[in-house]
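Asker: attaching a predicted model along with its sequence, questions to come.
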Amino acid sequence: MSFRLAVCAEMVYGELPLIDRVRRIHEQGFEVELWDTRGRDISALAATGATFSSMSGYFGGSVIDPATAHEVLASAEKLIPTALELGVERMVVHPAELGEGGRAVQPTHRSTGEMWLTGLRTLEGLAGLGEKHGITFALENLNTILDHPGIPLARAKDTLALVQAVNHPHVKMMLDLYHAQIGEGNLIELVRAAQPFTGEIQVADVPGRFEPGTGEINYPGIARALRDAGYTGVIGLEAGAVGGQSIEAGDNALAAFRAAFSPN
């Protein structure tokens, strides 16, 4: 059983323009993940022939804030034409609004019942948009220890609970195992529990957020657990290359990623 492998074009081959990063990733047989697509030449990206697995799915508001949740829905709707032009399958949202460097726009360190209910209603609204346009919205878990302090309901167990509560085929998890390792650990049990609700999986090693094999996570073991659980979806490398932003370092990172998730 093999997985569909994708690479985030934002984090490798930094010495190249984005369009050339996309081409190089595509030429090596990987799908492509993107972040914010605003201000980019979408027609040129589409013309590369790459398969785009995911992109950012909103640019304003917070899923869990009743004062701004409507901005999430409105911005998601504005991005849908881009997703359709690129053939993107999943549009990624986060538990709360991220600002520069992934920092919380409004840092909050305690969740409330109102946040849970607002998150549920917002995701239900995204489910309706997704069903209408044939796109899945994927709620990504984050770590609040290192990269994203002040983001409520960001742990994998919380994002999983929200997705389970929505219980809609067009709302899934973007299960990020780098974030989960920092915040929670117990990754094999996590991927087993989340498997029915997972739309895509993102990986990077810990510490450093580099390719598999550079840190403490046993990604070949996780790959075996995913196969045993019946997962056949996308696994995306959202990581930098340990050797830097050069072409050689990126190629080495992609090769290590492929090796970690190839059948033994």
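Answerer: Received, thanks. Bear in mind the structure is a predicted one, so any value in this text is a computation, not a measurement. Residues are numbered from 1 along each chain as shown.

Asker: doesn't residue 73 make contact with residue 125?
Answerer: Yes. Under the criterion of CB atoms under 8 Å, residue 125 makes contact with residue 73 at 4.9 Å. Where C-beta positions appear, they are placed from N, C-alpha and C, glycine not excepted.

Asker: now what about stretch 113-126, what contacts it?
Answerer: By CB atoms under 8 Å, 6 or more residues apart in numbering, the residues outside stretch 113-126 that reach it are 57, 63-66, 69, 72-73, 76, 93, 95, 137, 139, 152-153, 162-163, 165-166, 168, 170-171.

Asker: using the three-state scheme, assign residue 235.
Answerer: Under the three-state scheme (DSSP: H, G, I helix; E, B strand; the rest coil), residue 235 adopts strand.

Asker: so which residues of the protein form helices?
Answerer: 18-27, 42-47, 69-86, 113-133, 156-166, 177-183, 187-194, 219-229, 247-260 (DSSP state H).

Asker: buried ones in the fifth one?
Answerer: For helix 156-166, burial by neighbour count (16 or more other CB atoms under 10 Å) applies to 156, 158, 159, 160, 161, 162, 163, 166.

Asker: got a list of what the residue nearest to residue 87 when sequence neighbours are not counted touches?
Answerer: Computed as CB to CB, 6 or more residues apart in numbering, the closest residue to residue 87 that is not its neighbour in sequence is residue 52, at 6.0 Å. Going by CB under 8 Å, 6+ apart, residue 52 touches 31, 32, 33, 34, 45, 86, 87, 88, 89.

Asker: got it, and residue 190?
Answerer: 156, 175, 177, 180, 184.

Asker: for the residue nearest to residue 87, list each beta-bridge partner.
Answerer: For residue 52, the beta-bridge partners are residue 32 (DSSP bridges).

Asker: hmm, residue 107 and residue 99 touching each other?
Answerer: No. Counting by CB under 8 Å, residue 99 stays clear of residue 107, with 9.9 Å between them.

Asker: alright, I will stop here.
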